[in-house]
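[1] Sequence plus predicted model, see below.
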Amino acid sequence: GNVRSYAVSLLKAYWGDAATEDNDFCFDYLPRITGDHSTYNTVKAMIEGRCKGYFLVGENPAVGSSNGKMQRLGMAALDWLVVRDLQMIESATFWKDGPEIETGELVTEEIGTEIFFLPAASHVEKAGTFTQTQRMLQWRDKAVDPPGDARSELWFYVELGNRIRQKLADSSDEMDRPL
């Protein structure tokens, strides 16, 4: 019964003073589904050059998705790839030691993808909630600090968002306004 009040409160939390009744509390700033963004359509867009960059967080499509070859070819066509994981995974190193390098289908020197490997914190190195295999939401406390430069996903995305906002602070482009 209070959906509208809840939605208005949430939109005000997102956009602060910019969310007013006159602009429908910035409801139009919410992202919209613009099509089919499933794995294979996204990889196809990579290969065709329509998808320029990609974030991999806790997944390894070079060997963990069906049709790993297609995944590797897609990643080889990107401008940039961000890999956040606990260790160097195949999706971060496909450009130098993937099967297509061995067969000559891909040549390391011809792959233009700039890869950023950012070490992630493990579940024992961060506090928060998670859903386990029984689909039960559980809280856990941080047991130890992460090593070196490893950070949580929350830290990463907040830092990324803050840096993007800072870079676009003086933008007059209407598209940048929600940021």
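    That came through fine.

[2] can you map out the strands along the chain?
    Assigned by DSSP state E, the chain shows strands spanning 53-57, 80-85, 114-119, 128-131, 137-140.

[3] export the ones you listed to a markdown table and tack on mean neighbour count, mean pLDDT and distance to residue 47?
    Using the backbone N, CA and C atoms, a C-beta is placed for each residue, glycine as well. Below are the strands of the chain laid out as a markdown table (neighbours: other C-beta atoms under 10 Å; pLDDT from 0 to 100; distance: least, C-beta to C-beta, whole Å):
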| stretch | mean neighbour count | mean pLDDT | distance to residue 47 |
| --- | --- | --- | --- |
| strand 53-57 | 16 | 96 | 12 |
| strand 80-85 | 19 | 97 | 14 |
| strand 114-119 | 15 | 96 | 17 |
| strand 128-131 | 10 | 85 | 33 |
| strand 137-140 | 10 | 90 | 38 |
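
[4] Mind putting these into JSON lines with distance to residue 154?
    Listed next are the strands of the chain as JSON lines, based on distance: least, C-beta to C-beta, whole Å:
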{"stretch": "strand 53-57", "distance to residue 154": "12"}
{"stretch": "strand 80-85", "distance to residue 154": "12"}
{"stretch": "strand 114-119", "distance to residue 154": "14"}
{"stretch": "strand 128-131", "distance to residue 154": "7"}
{"stretch": "strand 137-140", "distance to residue 154": "14"}
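
[5] Out of these, which gets nearest to residue 149?
    When the strands of the chain are compared for distance to residue 149 using C-beta to C-beta, the nearest one is strand 114-119, at 5.6 Å.

[6] Okay, now the sheet partners of the closest one, with direction.
    strand 80-85 (parallel) (DSSP bridges).

[7] what does the partner strand rub up against?
    Strand 80-85 is contacted from outside by 52-58, 60, 75, 89, 91-92, 113-120, 153, 156, using C-beta atoms under 8 Å, 6 or more residues apart in numbering.

[8] again with stretch 129-141
    Residues from elsewhere that reach stretch 129-141 (C-beta under 8 Å, 6+ apart): 123, 124, 127, 128.

[9] For the longest helix anywhere in the chain, list every residue counted as buried.
    In the chain, taking DSSP state H as the definition, the longest helix is helix 153-167. Neighbour-count burial for helix 153-167 flags residue 156 (criterion: 16 or more other C-beta atoms under 10 Å).

[10] do you know which of the strands of the chain lies nearest residue 148?
    Nearest of the strands of the chain (C-beta to C-beta): strand 114-119, 6.4 Å.

[11] Export that closest one to CSV, keeping only CA atoms.
    Presented in CSV, the C-alpha positions along strand 114-119 are these (Å, rounded to 0.1, in the frame of the first residue of the first chain):
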residue,chain,number,x,y,z
GLU,A,114,44.0,-3.7,-22.2
ILE,A,115,43.5,-5.9,-19.2
PHE,A,116,43.3,-4.6,-15.6
PHE,A,117,43.7,-7.2,-12.9
LEU,A,118,42.5,-6.0,-9.6
PRO,A,119,42.9,-8.4,-6.6
